[in-house]
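>>> Sharing a sequence plus its predicted fold:
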Amino acid sequence: MKKLLLTTIALCMCGLTSIKAEVDPNFYIFLCFGQSNMEGNASPETVDFTVDPRFKMMAAVPFSNPARRIYSWYPATPPLCRQGTGLTPADYFGRELVEHLPDSITVGVINVAVGGTAIEYLDKNYHVVYPGQNLSQEADWFRNYMSAYSNQPYQRLLECALRAQKSGVIKGFLLHQGETNNGQQDWIYKVRHIYNDLIADLGLDPENTPLLAGETVGQAEGGSCWSHNAVIAKLPTVIPNAHVISSNGCPQKGDGLHFTAEGYRTIGRRYGQKMLQCLAAGEATPSEPVTLDGAKLPLDKTKIDPMILFEGKCVTSGSLVCLSSASGQKNGMAGWYFRKTVDLSGAHYLVFNMRKAASKGVQLRLFDAKKSGAQSYVLDISNMKDVVVDLHEIANQLDLKHIATVAFATNGATLYLTDAFLSDDGSTPTGISDIDLTPRHDDAIYDMNGRKVSRADMKHGIYIINNKKVLVR
């Protein structure tokens, strides 16, 4: 009888071990690491404890209050890192994602961060790669933080990630670190070493696994390590899928190092907005092709995002939309960001009308999913009141079937947009003169990219002659 019972138990165990948990492709997981700002240094406020159940966290260490077991998933109420830590960029990163992703998507974060750490201690083999990093010579408080991860934060993050991959899909990394390595030019290569190890150890595709790195407290906000932001800015030069998250306007606590709760909320949402763009770029299937209702199809001005890159403003008054990026932000962008790419190949023209001519330095930028990290199409619209882009003419510059972003870089100025639409008619809806053109010998002729052309070079399309747009058939 005893032998039979043992055999039955053994068979049951074999049966159980053969059951493999199904990976949910709609469970998006993100790995977060860094030092004190990623750890969380501001006390959460009442508003921070309300969280969508679709936003979860995996405990990388045991918690006593609230009670959490290591390697288990819980609602993502703060603290997300360790017992006694505070609000972190990951808190509002996750909130931003669940607010904008479909209801079928669940978001999970895993946060392994060590206050005061140098980037070297986050390396997989810091004791070998960086022999100068001697933990026994560090301060007691730092050794205490490291001991929470058995002195191997990389290994703990990896262990959590491997368990997480049994239930979901790792979609990217969040990093906030640099204060301890302030101004060190080789920081970017040390980050790349960690990134490459994570990619290899987790079997990830670097093209589909972005690294988002947040800036330290900025100079305007009284940051003590603001100069390191110039180093962080170089990270995309060594990690093609790295993106820098601006800290511009994020308030700090007064120590020059740590953000306030509001600062964490702001920069956290910026992490989220950038990750949404990265996820959109990775979409394999675009939305349905544009279908034109008659001659034109308006672009929905109520869906303009003023913070595609850096912070900006969007104010609507009737049919008028006022767009502006933060003062002095030459690369700040506002416009339309499509989580699921849009197919514009069914339209001929992209048209914008403004109440008054755009300021000097304002650009129109189009990005497709394949080139989301670079400018696919850029048009200087300085002093232009009406902008018409012949999509057929730029089809060789970007993939019209997978457009991810249509945006304006306002260079700190304000753009007064009255109409935005797609059209297959180059005359009535756009206000373009429709004539067979034989310009005078001395007329200056420009194409829609602002390049001067000769009469001999003119083909069918739109040109600017005497400051007027003309359609040449």
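Nice, I can see it. Residues are numbered from 1 along each chain as shown.

>>> which residues does the spatially most central residue of the chain contact?
For the chain, the residue nearest the mean C-alpha position is residue 274 (1.3 Å; C-alpha atoms, centre = their mean). By C-beta atoms under 8 Å, 6 or more residues apart in numbering, residue 274 lies in contact with 210, 212, 243, 245. (Glycine included, C-beta is placed from N, CA and C.)

>>> mind checking the SS state of the third one?
Meaning residue 243. strand (DSSP: H, G, I helix; E, B strand; the rest coil).

>>> I'd say it and residue 278 touch.
Yes: the criterion here is C-beta atoms under 8 Å, and residue 243 meets it with residue 278 at 7.1 Å.

>>> who's in contact with residue 113?
32-36, 38-40, 81, 85, 88, 153, 176.

>>> Okay, buried residues for the helix or strand that the residue nearest to the centre of the chain is a member of please.
Using DSSP states H and E, residue 274 sits in helix 261-281. Using 16 or more other C-beta atoms under 10 Å as the test for burial, helix 261-281 gives 261, 263-281.

>>> and if you look at stretch 352-359?
By 16+ other C-beta under 10 Å, the buried positions in stretch 352-359 come out as 352-354, 358.

>>> shared neighbours of residue 243 and residue 278, anything?
210, 212.

>>> any low-confidence regions in the stretch 351-473 of the chain?
Applying pLDDT under 70 to the stretch 351-473 of the chain flags residues 370-375, 411-412, 425-444, 446-451, 455-473.

>>> Which parts of it are helices?
For the stretch 351-473 of the chain, helices defined by DSSP state H, counting those that start in this stretch do not occur.

>>> Domain-wise, how is this structure divided?
27-281, 296-424, 432-473 (automatic domain parsing).

>>> coming back round to it: relative to residue 230, how far out is the residue nearest to the centre of the chain?
19 Å (C-beta to C-beta, to the nearest Å).

>>> do residue 62 as well
39 Å.

>>> Of these two, which one has the most company?
Neighbour comparison, residue 62 and residue 230: the larger count goes to residue 62, with 14 against 11 (by other C-beta atoms under 10 Å).

>>> Tell me if I'm right that that one and residue 69 touch.
Yes: contact criterion C-beta under 8 Å: residue 62 and residue 69 qualify, at 6.4 Å.

>>> okay, now residue 139: neighbour count?
Neighbour tally, residue 139, other C-beta under 10 Å: 9.

>>> my guess is residue 199 is in a helix, correct?
Yes: according to three-state DSSP, residue 199 belongs to a helix.

>>> contacting residues around the residue nearest to it when sequence neighbours are not counted?
Spatial nearest neighbour of residue 199, excluding adjacent residues (C-beta to C-beta, 6 or more residues apart in numbering): residue 206 at 5.2 Å. With contact set as C-beta under 8 Å, 6+ apart, residue 206 has these partners: 195, 199, 240-241.

>>> Helices of the stretch 51-200 of the chain, start to end?
Counting by DSSP H, counting those that start in this stretch, the helices of the stretch 51-200 of the chain are 89-100, 126-129, 140-147, 153-164, 187-202.

>>> among those helices, which is the most enclosed?
Of all the helices of the stretch 51-200 of the chain, helix 89-100 has the most neighbours on average by mean count of other C-beta atoms under 10 Å, namely a mean of 24.

>>> Check what pLDDT residue 343 gets.
Here, the pLDDT recorded for residue 343 equals 85.

>>> burial count for it?
19.

>>> Also residue 215?
Using other C-beta under 10 Å: residue 215 sits among 23 other residues.

>>> cool, residue 229 as well?
Residue 229 is flanked by 21 other residues according to other C-beta under 10 Å.

>>> repeat for the one 4 residues further on
By other C-beta under 10 Å, the residues close to residue 233 number 13.

>>> Pull the contacting residues for residue 107.
Contacts of residue 107 (C-beta under 8 Å, 6+ apart): 28-30, 54-56, 94, 97-98, 101.

>>> And it, how close does it get to residue 161?
Taken as C-beta to C-beta, the span from residue 107 to residue 161 is 15 Å.
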